[in-house]
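In: this one's sequence-less:
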């Protein structure tokens, strides 16, 4: 039976949870990187054994990317940091919000989405990164204002079938796509409303919270925005609202099934000015028809719950049936082994959960 590893990044360190019995029970190990903020984590299994990649931030030492090939027994960090702006860039790194290993066909490539709004590419498995100038030098960048959580690239989705195609999303620029390996990017926000702007349907400037790719279809994407849940069937060229049937269209999380393009999940909150689960009931809503209809998952999730799940504090695995995981700012983590039908507790009383990533390692 496969072992599942769950990496849990928090405000004060990294925890690892493991299940060896089909995700029925979990053993929690930690704390790794104590007193270090972990806003991003990835588990890279492309070369065999799992490599942990952590976007770490110390109040004393600042932000960096750290690597471990022995599940946190030892860590490697380049002298001077893995990610650093040049002297002419006029910026310094604040946080690494996203670490995304590319496909198995590109085993050394890792992407990093950072604050300030920037995209970085590694060719050596995350040891060093190069600034993607096509996004940094984009003429729109001076108008990508910070959202409530800062100005950052928080979603990086390389196309597994096309080396040159890449989708990124940021607060508050919106969705951008490159079709030439990052040398240039164009906005892809048609149909996404931004009711907080004078022009509610601008070319860019939308505050997208997260984007997920639907199954193995490079044209299908789902987006959770600052007000609005959307689907694209044409690679982001146009977007259609799929919020009907949800108790609210605000939230941070959107997840997609790794094989079935029509299955997706969201975790609704009341509104941008009331960022709590509707009626204090933490629920995951699932659609099996690409957002045409929604059903809620309640079994094992709490009532009387008034906390937020952040955009990367939820993920799916690639098993069959798919596992679903989410954590909250109150330090609780839940897991579902049946695609969100039922949930069980993995951990409680951790610091704020910033990010979760699952991987099959056995």
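Out: That came in fine, so what should we check first? As the structure is a computational prediction, the values presented were derived from the model and not from experiment.

In: Run through who's touching whatever helix or strand residue 57 lives in.
Out: Counting by DSSP states H and E, the element that carries residue 57 is strand 51-58. Strand 51-58 is contacted by residues 7, 9, 14, 33, 35-45, 63-69, 71-72, 95-99, 101, 110, 112, 125-126 when judged by C-beta atoms under 8 Å, 6 or more residues apart in numbering. (Glycine included, C-beta is placed from N, CA and C.)

In: Would you mind pulling the contact partners of the helix or strand just after that strand?
Out: Following strand 51-58 in sequence order, the next helix or strand is strand 62-68 (DSSP H and E). By C-beta under 8 Å, 6+ apart, the residues outside strand 62-68 that reach it are 33, 51-57, 74-78, 81-83, 93-96, 99, 112, 125-127, 129.

In: List the strands paired with the helix or strand in which residue 253 is found, with their directions.
Out: Using DSSP H and E, residue 253 falls within strand 250-256. Within its sheet, and counting by DSSP bridges, strand 250-256 is paired with strand 264-269 (antiparallel).

In: Who are the packing partners of the next helix or strand after the strand it pairs with?
Out: Going down the chain from strand 264-269, the next helix or strand is strand 284-287, by DSSP H and E. With contacts taken as 3 or more C-beta pairs under 8 Å, 6 or more residues apart in numbering; DSSP states H and E, strand 284-287 sits against strand 264-269, strand 295-297.

In: hmm, 10 Å instead?
Out: With contacts defined as 3 or more C-beta pairs under 10 Å, 6 or more residues apart in numbering; DSSP states H and E, strand 284-287 has these neighbours: strand 229-232, strand 250-256, strand 264-269, strand 295-297, strand 324-327.

In: pretty sure residue 351 is touching residue 313, no?
Out: No - with contact defined as C-beta atoms under 10 Å, residue 351 does not reach residue 313; the gap is 11.8 Å.

In: So which of those two has more stuff around it?
Out: residue 313 (24 against 19; other C-beta atoms under 10 Å).

In: Surely that one touches residue 255?
Out: No - counting by C-beta under 10 Å, residue 255 is not a contact partner of residue 313; they are 11.2 Å apart.

In: about what we covered before: now, the contacts of strand 62-68 that are in strands?
Out: 51, 52, 53, 54, 55, 56, 57, 95, 96, 99, 112 (DSSP state E).

In: Of those residues, which pair is most distant in space?
Out: Comparing every pair within those by C-beta to C-beta identifies 51 and 95 as the most remote, at 20.8 Å.

In: residues contacting residue 162?
Out: By C-beta atoms under 10 Å, 6 or more residues apart in numbering, the residues touching residue 162 are 179, 181, 218.

In: Now do the last one, the pLDDT please.
Out: Read that as residue 218. In this model, residue 218 is scored at 92, pLDDT.

In: Now for it, how many residues are close by?
Out: For residue 218, the neighbour count with other C-beta under 10 Å is 17.

In: Check for me that it belongs to a strand.
Out: No - per DSSP: H, G, I helix; E, B strand; the rest coil, residue 218 lies outside any strand segment and is coil.

In: Pull the contacting residues for it.
Out: Residues counted as contacts of residue 218 (C-beta under 10 Å, 6+ apart) are 157, 159, 160, 161, 162, 165, 167, 235, 261.

In: Which secondary structure state does the fifth one sit in?
Out: Under the three-state scheme (three-state DSSP), the conformation of residue 162 reads as coil.

In: ends of stretch 187-196, how far apart?
Out: End-to-end distance for stretch 187-196, by C-alpha to C-alpha, to the nearest Å: 19 Å.

In: Buried residues, that stretch. List them.
Out: Along stretch 187-196, these residues count as buried under the neighbour rule (16 or more other C-beta atoms under 10 Å): 187, 188, 189, 191, 192, 193, 194.

In: Closest to residue 2 out of the residues you listed?
Out: Using C-beta to C-beta, residue 188 comes nearest to residue 2 of the buried residues of stretch 187-196, at 36.1 Å.

In: just checking, that closest one touches residue 166?
Out: No - if you go by C-beta under 10 Å, residue 188 and residue 166 don't touch, sitting 11.5 Å apart.

In: How far away from the center of its chain is stretch 12-22?
Out: For stretch 12-22, the separation from the chain centroid amounts to 18 Å (computed by C-alpha atoms, centre = their mean, to the nearest Å).

In: Flag every buried residue along it.
Out: 13, 14, 15, 16, 17, 18, 19.

In: my read is the third one is in a strand, agree?
Out: Read that as residue 15. Yes - membership of residue 15 in a strand is supported by three-state DSSP.

In: could you redo the contacts of residue 218 as JSON lines and give each row pLDDT and distance to residue 89?
Out: Below are these laid out as JSON lines (pLDDT from 0 to 100; distance: C-beta to C-beta, whole Å):
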{"residue": "157", "pLDDT": "97", "distance to residue 89": "25"}
{"residue": "159", "pLDDT": "94", "distance to residue 89": "27"}
{"residue": "160", "pLDDT": "86", "distance to residue 89": "30"}
{"residue": "161", "pLDDT": "89", "distance to residue 89": "32"}
{"residue": "162", "pLDDT": "93", "distance to residue 89": "29"}
{"residue": "165", "pLDDT": "96", "distance to residue 89": "26"}
{"residue": "167", "pLDDT": "98", "distance to residue 89": "24"}
{"residue": "235", "pLDDT": "96", "distance to residue 89": "30"}
{"residue": "261", "pLDDT": "97", "distance to residue 89": "38"}
